[in-house]
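Student: from the sequence below, what's the structure:
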Amino acid sequence: MDVKKFIERGFDIVAVEDLDKLQGMRDQIYRKAADLMGGTNQDAEDFMNNFHRQELRGPALNTMRMDLIRYCSEEMDIGQTIFDAFSDQLIGLLGPDVVVQKTTNLVIQQPGDPDQVPTHRDSPLNSPFEIVCWIPLVNIYGTKGMYILDRDKTDVALNMMKSSESGYDKHAKLTETEGHILEMPFGHALFFWPGLVHSVGINVEQETRWALNIRYKNLFAPAGAKGQSEFFKVLQLSPLTKMALEFEKEVYA
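Tutor: As a prediction, the model looks like this:
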């Protein structure tokens with residue numbers, strides 16, 4: 001990972017250190033999804049790319065997605081798996097004392113689906129001390145991905161919001177016209193700072209996008225509006241932190 005580039009832009013696309021971990025994670029999600037759909041003879045990549053052919057829409061799609069999110073969060077240790085797959089890069093950014101978001105989000109964006117999250121940024125509300133990890137489970141290109149503004153263009157977009165009544169429309173248009181369009185084969189992750197403006201347009205490709213997102217931060221960094229104990233769990237502690245916490249437990253017991 002190019003840390004200098006990450007600091008300058010606020011994001012970077014990172015190749016996985018251990019592809020087997022991501023493949024195993026994707027296969028487990030695929031098997032659960034296939035089971036929810038009544039079985040399939042497709043492989044994971046074919047099933048996900050062509051999921052729109054299942055003709056699952058509206059409330060039925062959302063019910064299936066929420067079942068998968070519960071499965072990912074409660075029965076799979078996805079936060080640990082992703083951390084293990086990208087550990088050097090994450091520790092390089094966050095340090096050795098790491099907490100992870102308890103719930104993993106899963107997005108399934110089918111071709112032509114108009115239901116999309118408005119152009120936004122995650123911080124404030126989320127802590128600016130977090131890293132968002134966006135992990136596609138399929139190859140990403142064109143409108144199958146999303147748009148993200150770097151730090152400089154994010155500042156321009158935010159100033160548009162302040163300058164006129166039509167500021168939101170202008171900054172949404174800027175995100176789509178000048179934002180970086182992601183091109184990511186499976187086996188890569190987007191690491192981005194939550195202060196960046198980003199958006200997801202309508203997917204006009206002929207494949208469905210499946211992507212996970214989850215947040216990591218340093219244990220001792222400010223938590224933002226979302227309480228740390230409620231939304232995060234400890235993933236890894238440095239030897240010194242373990243020793244200090246044991247000491248405090250004895251002193252204040």
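
Student: residue ranges of the helices in the protein, please?
Tutor: For the chain, the helices defined by DSSP state H cover 3-9, 19-36, 44-49, 58-74, 78-85, 87-94, 151-163, 167-178, 228-231, 239-252.

Student: got a list of contacts for the last one?
Tutor: Pointing back at helix 239-252 there. Pro96, Asp97, Leu219, Leu237 (Cβ atoms under 8 Å, 6 or more residues apart in numbering). Yep, even glycine has a C-beta here, placed from its N, CA and C like the rest.

Student: pull out the buried members of those.
Tutor: Neighbour-count burial (16 or more other Cβ atoms under 10 Å) is assigned, among these, to Asp97, Leu219, Leu237.

Student: of these, closest to Glu130?
Tutor: Leu219 (12.1 Å; Cβ to Cβ).

Student: grab the nearest non-local neighbour of the closest one.
Tutor: Asp97 (4.1 Å; Cβ to Cβ, 6 or more residues apart in numbering).

Student: from Asp152, how far off is that neighbour?
Tutor: Separation of Asp97 from Asp152 (Cβ to Cβ, to the nearest Å): 31 Å.

Student: could you do Arg53 as well?
Tutor: Arg53 is 41 Å from Asp152, by Cβ to Cβ.

Student: so where's the chain shaky on pLDDT?
Tutor: Residue ranges of the chain with pLDDT under 70: 164, 166, 252-253.

Student: can you pull the contacts of Gln28?
Tutor: Applying Cβ under 8 Å, 6+ apart, the residues near Gln28 are Met76.

Student: with distance to Arg121 as extra columns, can I get the buried ones among the contacts of helix 239-252 in a markdown table?
Tutor: Converted to a markdown table, these look like this (distance: Cβ to Cβ, whole Å):
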| residue | distance to Arg121 |
| --- | --- |
| Asp97 | 26 |
| Leu219 | 24 |
| Leu237 | 30 |
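
Student: ok, of those, which one's closest to Asp2?
Tutor: For the buried ones among the contacts of helix 239-252, the nearest to Asp2 is Asp97 (23.5 Å; Cβ to Cβ).

Student: quick one: distance of stretch 109-117 to the chain centre.
Tutor: 17 Å (Cα atoms, centre = their mean, to the nearest Å).

Student: what does stretch 190-208 give?
Tutor: The answer for stretch 190-208 is 10 Å, by Cα atoms, centre = their mean.

Student: and for stretch 111-128?
Tutor: 11 Å.

Student: what does stretch 33-41 give?
Tutor: With Cα atoms, centre = their mean as the basis, stretch 33-41 stands 25 Å off its chain's centre.

Student: who's in contact with it?
Tutor: So stretch 33-41 is contacted by Gln42, Phe47, Met48, Gln54, Leu56, Met64, Asp67, Leu68 (Cβ under 8 Å, 6+ apart).

Student: which residue is the nearest non-sequential neighbour of Gly24?
Tutor: Thr81 (7.7 Å).

Student: quick one: contacts for that neighbour?
Tutor: Lys21, Leu22, Gly24, Met25.

Student: again with Val16
Tutor: Leu22, Ala85, Phe86, Gly187, His188, Ala189.

Student: top strand in this structure by residue count?
Tutor: Identified as the longest strand of the chain according to DSSP state E is strand 209-218.

Student: output the contacting helices and strands for that strand.
Tutor: Counting by 3 or more Cβ pairs under 8 Å, 6 or more residues apart in numbering; DSSP states H and E, the packing neighbours recorded for strand 209-218 are helix 78-85, helix 87-94, strand 98-101, strand 105-109, strand 130-136, strand 232-236.

Student: the same query, at a cut-off of 7 Å, please.
Tutor: Under the contact criterion of 3 or more Cβ pairs under 7 Å, 6 or more residues apart in numbering; DSSP states H and E, strand 209-218 touches helix 78-85, helix 87-94, strand 98-101, strand 105-109, strand 130-136.

Student: understood, closing this out.
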